[in-house]
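>>> how would this look folded up:
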Amino acid sequence: MADESLFTSQTPATQAFDATAISVGLTMKFAADGVVKGVKFYATSTLSGGTYTGGLYSVDTADSGSNDPGAGTGTLLASATYGTLTAGAWNTVTFTTPVSVTAGTPYRVVGYSSVGRYGSTTNLFASDIVNGNITGIAANTSAGGKNIRNGTYNYATNISYPNDFFNEGYFVDVVYAASAGTTVNGTSTATGAGSATANATVRATATATGAGTATANTTARVASTATGTGSATANVAVRAITTATGAGSATAFTQQSAAGTATGAGTATGASATGANSTAAGAGTAASFATQTAGATATGTGTASGNAGGTVTGTSTAAGAGTASATAAQAAIATAAGSGTATGAAAQSTTSTATGTGTAAALTRLVVGSTATGLGVATGDAGGTVTGTSTATGVGTAAAAALQRAAATATGAGTATGAGALLGSSSATGTGIAAAVARLLAGSTAAGSGAASGVGGLVILGTSTATGAGVATGTAGSRITPRPFTGITPRPYAGITVRP
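Take a look at the predicted model:
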């Protein structure tokens, strides 16, 4: 880890000359375990020879509550003597062996001048001074269970533990390095019965309010916030943000960016190599996992899952008690409303929508869409297709499977099946049954309780239409001579069962 010191651009207001040997001290603590490599001392602009020594002491007993004489004691851990000093500037001396220091434990860094020269500022430690992992402790406050009177001095012929107090802040400092894997700045805040934990190599922030629990772990930056009885956890290599409100639970894990937001009793999980966003409201559950981008949104008691392997986008949305799942190598979108179930999986693009208690499933290599409304069941399966589309309304059942284009539409209790090498189109209305199978173009339409079948072998066009209780069958090998179709067998999709 990089070296740190407490003071940055500050300079002393007073350049003192006591004309007798003096040790001046500054008491500090560290946010992380590490080592102190040496001591810095601000030399006055006028030098008059003498010997200057830097040292680090442990704080063994508390400082006295009064100014003089001092009562605190400490043990010298390391010291080193300066060479030629530069006037009016910081000078550094390095210990032969770095001193290990423990997070939260107070230490007193000391500068000794045999000729009584040092820099100081009155009331410098009226409050804490913080820079990175180092805190200069405010005067007359507690650290490590001991009262600290920051700004201490002692007159002696050699470096000694300063334990007298004169309301001055002395300009001595350390060269400190945090241990590998510890934080530059990890901040946790808990209010009420909250619990907040932050661990980071750069920055982590965890905030808990009420009985909330917030945990943040990161190598770059992570923030988690819990309100009420919420629980928020964020772990990330670059950035993760989680927010939980009420009894919500939000978790985010990512290599780039992940956001999880839970409201009420919602649960939201986001995990991604680039970006994953999940949002849960009410008792909803939303989970998104992606190599590129995945988004999942759940409202009410809905469950939404977005999973994109090598995807560009996988998006799923569930409302009410709906269940929506999307998995894709390019783009997959699944939307469920009410108690609907929608599943979308594609190598290129697929869209499935379920409303009410509908079930819609779409699986494809290029483009397929299926929509179910009410109790409808819609299945779209395209192997090497351009487009396979199926739509079911009411208790209709619609299934489409095609190499180029197949469309099936069912309304009411109708059943429609379309399978084709180029275009197979079937439409059923009421209790009608319509089936179309073709190499080029086959169309069948059934209205009322009609049954219509269109089959084309090497057909240009095979069309049949039935209305009312009629039955119509059309089979063609060309425009003139019909013959049975034997070249294509419509295949069901093994992963989806069409339900009545």
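>>> residues contacting residue 284?
266-267, 298-304, 318 (C-beta atoms under 8 Å, 6 or more residues apart in numbering). Any C-beta I mention is one placed from the backbone N, CA and C, and that applies to glycine too.
>>> excluding its backbone neighbours, what's nearest it?
Of all residues not flanking residue 284 in the chain, residue 298 sits nearest, at 3.1 Å (C-beta to C-beta, 6 or more residues apart in numbering).
>>> quick check: neighbours of the top strand by length along the chain in the sheet, parallel or antiparallel?
If you go by DSSP state E, the chain has its longest strand at strand 90-101. Here strand 90-101 has these sheet partners by DSSP bridges: strand 34-42 (antiparallel).
>>> right, and the helix or strand after the partner strand?
Remark: after strand 34-42, the chain's next helix or strand is strand 52-59, criterion DSSP states H and E.
>>> elements contacting that next one?
strand 34-42, strand 74-81, strand 90-101, strand 107-113 (3 or more C-beta pairs under 8 Å, 6 or more residues apart in numbering; DSSP states H and E).
>>> run the chain-centre distance for that strand.
Offset of strand 52-59 from its chain centre (C-alpha atoms, centre = their mean, to the nearest Å): 44 Å.
>>> pLDDT on it, on average?
Mean pLDDT, computed over strand 52-59, is 97.
>>> kindly format the C-alpha coordinates of that strand as PDB.
The C-alpha trace of strand 52-59 is given here as PDB (Å, rounded to 0.1, in the frame of the first residue of the first chain):
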ATOM      1  CA  TYR A  52      17.100  16.300  16.000                       C
ATOM      2  CA  THR A  53      15.600  12.900  16.600                       C
ATOM      3  CA  GLY A  54      12.300  11.300  15.600                       C
ATOM      4  CA  GLY A  55      10.600   8.500  17.600                       C
ATOM      5  CA  LEU A  56       7.400   6.500  18.000                       C
ATOM      6  CA  TYR A  57       6.000   5.600  21.400                       C
ATOM      7  CA  SER A  58       3.100   3.400  22.600                       C
ATOM      8  CA  VAL A  59       0.600   5.100  24.900                       C
END
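>>> could you give the angle of that strand to strand 34-42?
140 degrees (axes from the mean of the first three to the mean of the last three C-alpha atoms, to 10 degrees).
>>> I'd like the numbering to begin with 835 instead of 1 from here.
Got it, first residue is 835 now, which makes that one strand 886-893.
>>> strand partners of strand 886-893, parallel vs antiparallel please.
Its sheet considered, strand 886-893 pairs with strand 908-915 (antiparallel), strand 941-947 (antiparallel) by DSSP bridges.
>>> so which bits of the longest one are buried?
Looking back up the chat, that one is strand 908-915. Residues of strand 908-915 classed as buried: 908, 911-913 (neighbour count, 16 or more other C-beta atoms under 10 Å).
>>> separation between the nearest residue to residue 975 once chain neighbours are set aside and residue 972?
Nearest residue to residue 975, sequence neighbours excluded (C-beta to C-beta, 6+ apart): residue 982, at 6.0 Å. Distance from residue 982 to residue 972, counting by C-beta to C-beta, to the nearest Å: 8 Å.
>>> higher neighbour count, these two?
residue 982 (25 against 17; other C-beta atoms under 10 Å).
>>> how near is the more buried one to residue 911?
17 Å.
>>> then residue 1178?
In terms of C-beta to C-beta, residue 1178 sits 65 Å off from residue 911.
>>> and the nearest residue to residue 859 once chain neighbours are set aside, how many neighbours does it have?
Distances taken as C-beta to C-beta, 6+ apart place residue 996 nearest to residue 859, at 3.8 Å, with adjacent residues excluded. Taking other C-beta under 10 Å as the criterion, the count of residues near residue 996 is 30.
>>> same check, this time on the one 3 residues further on
Burial of residue 999 is recorded as 24 neighbouring residues (other C-beta under 10 Å).
>>> give me phi/psi at it?
Main-chain torsions, residue 999, degrees, to the nearest 10: phi -130, psi 140.
>>> is it in a bridge, and if so with what?
Here residue 999 shows beta-bridge partners residue 986, assigned using DSSP bridges.
>>> for the nearest residue to residue 1248 once chain neighbours are set aside, what are its contacts?
Using C-beta to C-beta, 6+ apart and skipping the chain neighbours, the partner closest in space to residue 1248 is residue 1262 (3.1 Å). By C-beta under 8 Å, 6+ apart, the contact set of residue 1262 is 1230, 1243-1245, 1248-1250, 1268, 1279-1280.
>>> and residue 1269, how close does it get to residue 1212?
Distance, residue 1269 to residue 1212, by C-beta to C-beta: 16 Å.
>>> of these two, who's got more company?
When neighbours are counted by other C-beta under 10 Å, residue 1269 and residue 1212 differ, and residue 1212 comes out ahead with 34 against 25.
>>> ok, that one touching residue 1185?
No: taking contacts as C-beta atoms under 8 Å, residue 1212 lies outside contact range of residue 1185: 11.2 Å.
>>> for the stretch 1085-1234 of the chain, give me the ranges with low pLDDT.
Counting by pLDDT under 70, the stretch 1085-1234 of the chain shows low-confidence ranges at 1085-1093, 1100, 1104-1110, 1123-1127, 1141-1147, 1162-1163, 1180-1181, 1197-1201, 1215-1220.
>>> if we can go back for a sec, could I get the buried residue list for the longest strand of the chain?
In strand 924-935, counting by 16+ other C-beta under 10 Å, buried: 924-927, 929, 932-933, 935.
>>> adding pLDDT and distance to residue 1117, write these out as JSON lines.
Converted to JSON lines, those look like this (pLDDT from 0 to 100; distance: C-beta to C-beta, whole Å):
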{"residue": "924", "pLDDT": "97", "distance to residue 1117": "59"}
{"residue": "925", "pLDDT": "97", "distance to residue 1117": "64"}
{"residue": "926", "pLDDT": "98", "distance to residue 1117": "59"}
{"residue": "927", "pLDDT": "98", "distance to residue 1117": "63"}
{"residue": "929", "pLDDT": "98", "distance to residue 1117": "59"}
{"residue": "932", "pLDDT": "97", "distance to residue 1117": "54"}
{"residue": "933", "pLDDT": "97", "distance to residue 1117": "54"}
{"residue": "935", "pLDDT": "97", "distance to residue 1117": "48"}
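>>> let's have those residues in a markdown table, adding distance to residue 1194.
What follows is those, written out as a markdown table (distance: C-beta to C-beta, whole Å):
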| residue | distance to residue 1194 |
| --- | --- |
| 924 | 71 |
| 925 | 75 |
| 926 | 70 |
| 927 | 75 |
| 929 | 71 |
| 932 | 66 |
| 933 | 68 |
| 935 | 63 |
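>>> now for these: which two are most distant?
Greatest spatial distance among these (C-beta to C-beta): 925 and 935, at 21.6 Å.
>>> between the buried residues of strand 924-935, which sits nearest residue 866?
For the buried residues of strand 924-935, the residue nearest residue 866 by C-beta to C-beta is residue 935; the value is 9.2 Å.
>>> list just the nearest of the buried residues of strand 908-915 to residue 1011.
residue 912 (14.6 Å).
>>> hey, what's the closest one bridged with?
On the basis of DSSP bridges, residue 912 is bridged to residue 890.
>>> ok, it touching residue 889?
Yes: the criterion here is C-beta under 8 Å, and residue 912 meets it with residue 889 at 6.6 Å.
>>> and this protein, what are its domain boundaries?
Per the record, the chain has its domains at 837-1012, 1204-1322, by automatic domain parsing.
>>> return the most buried member of those domains.
domain 1204-1322 (a mean of 23; mean count of other C-beta atoms under 10 Å).
>>> tell me which element residue 1179 is part of?
Per DSSP H and E, residue 1179 falls inside strand 1175-1180.
>>> same deal with residue 1253?
Using DSSP H and E, the element containing residue 1253 is strand 1249-1254.
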